[in-house]
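J.: Model the following, please.
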Amino acid sequence: MTAHDPARPEARPISLHQQILSELQGHILSGRWPPGHRIPFEHELTAQFGCSRMTVNKVLTQLAAAGLIERRRKVGSFVRQPHSQSAVLEIPEIRGEVEALGLPYRFAVLQRRRRRSTAADRGALGLEAPAPVLALTVRHDAGPRPFCLEERLIHLAAVPEAEAQDFAAEPPGAWLVHHVPWTAAEHRIRARSADAALAAAMACPPGSPCLVVERRTWSAGRPVTVVRLTYPGEAHELVARFAPPQG
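T.: Predicted coordinates for the structure are as follows:
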């Protein structure tokens, strides 16, 4: 017989409720059950885990409160599309937005091209004369699904070191935040529907609603970058906090 060590606390058994909760959460957060997947009905989970219907109902209620599933009366429960938030008056890193959802993050540079600025480029960056720019298209993924499409111009006269970057290890937005101090920024927010090209990039049906954040940043009065970030509209929201003027 093994002697009991009073200095070592005994492991507390995990409750059946916690076991079920952990297993269902694991299926959702790992992507094994993708958004839209129907959760087994209560009676199916009761039979699977050998527990009461009350225990299963409590687990599903907890998952719904956490925003992981949606319960529809007389239809069932379904995995929800992850819903993210961005602060309007900040420049958040997309990696942080994704990881806040509890999902793995990855990105891919779809296009990288150095070119002489077009008239549209100069209008977007606020340049008066032609200048070299770096045009980038990057897709950011949250788990198995596209999360955001980044379309960016970098003013190479302001950030010449960007030309040598392939952005394989760090996406351009994060690289700029870490290497170029910005002194002013402008946000424009609008809605659009996905055309064929955007729908293909974001793996959504054509015509789907999207939220677009357009941002320009300056450093000491000099244009640095302009970016268009496009998110699936039903899965993202922007948040701003204000305070009344003092005095």
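J.: C-terminal to the helix or strand hosting Val212, what's the next element?
T.: Taking DSSP states H and E as the definition, Val212 sits inside strand 209-219. Counting by DSSP H and E, the next helix or strand C-terminal to strand 209-219 is strand 222-232.
J.: ok, residues contacting that following strand?
T.: Here strand 222-232 makes contact (C-beta atoms under 8 Å, 6 or more residues apart in numbering) with 81, 84, 94, 124-127, 146-155, 158-159, 172-173, 176, 180, 182, 192, 198, 202, 204, 208-218. C-beta coordinates here come from the backbone N, C-alpha and C atoms, glycine included.
J.: what residues are up against the closest residue in space to Pro132 that isn't next to it in sequence?
T.: Leaving aside its chain neighbours, Pro132 sits nearest to Leu156 (4.4 Å; criterion: C-beta to C-beta, 6 or more residues apart in numbering). Applying C-beta under 8 Å, 6+ apart to Leu156 gives the contacts 114, 131-134, 162-163.
J.: do Glu99 as well
T.: Glu99 touches Tyr105, counting by C-beta under 8 Å, 6+ apart.
J.: and if you look at Leu149?
T.: 137-140, 198, 201-202, 229-230.
J.: Please apply the same query to Val79.
T.: Taking C-beta under 8 Å, 6+ apart as the test, what Val79 contacts is 28, 33-37, 39, 68-70.
J.: quick one: contacts of stretch 177-184?
T.: 91, 93, 158-159, 161, 170, 176, 217-221, 224.
J.: same deal with stretch 101-120?
T.: Applying C-beta under 8 Å, 6+ apart, the external contacts of stretch 101-120 come out as 29, 31, 82-84, 94-95, 98-99, 125, 127, 130-143, 153, 156, 163, 166-168, 171, 201.
J.: what helix or strand is the residue most central in space within the chain on?
T.: In the chain, the residue lying closest to the centroid (C-alpha atoms, centre = their mean) is Val98, at 3.7 Å. Val98 belongs to helix 94-99 when assigned by DSSP H and E.
J.: Pairing partners for the helix or strand just after that helix, with directions?
T.: Following the chain from helix 94-99 toward its C-terminal end, the next helix or strand by DSSP H and E is strand 105-116. Strand 105-116 has the following sheet partners, assigned by DSSP bridges: strand 132-142 (antiparallel).
J.: Low-confidence bits of this protein, can you list those?
T.: Low-confidence segments of the chain, defined by pLDDT under 70: 1-13, 82-92, 234-247.
J.: Helices along that one, start to end?
T.: Under the criterion DSSP state H, the chain carries helices at the ranges 16-29, 42-49, 53-65, 94-99, 119-125, 172-179, 196-202.
J.: Just send those back as CSV, with distance to Ala108 too.
T.: As requested, the helices of the chain are arranged in CSV below (distance: least, C-beta to C-beta, whole Å):
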stretch, distance to Ala108
helix 16-29, 22
helix 42-49, 37
helix 53-65, 31
helix 94-99, 13
helix 119-125, 23
helix 172-179, 12
helix 196-202, 10
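J.: so which of those helices comes closest to Gly76?
T.: helix 42-49 (9.0 Å; C-beta to C-beta).
J.: Following the record's annotation, map out the domains of the chain.
T.: 16-79, 87-232 (the TED database).
J.: What residues does Arg139 make contact with?
T.: Arg139 neighbours (C-beta under 8 Å, 6+ apart): 107-108, 110, 146, 148-150, 201-202.
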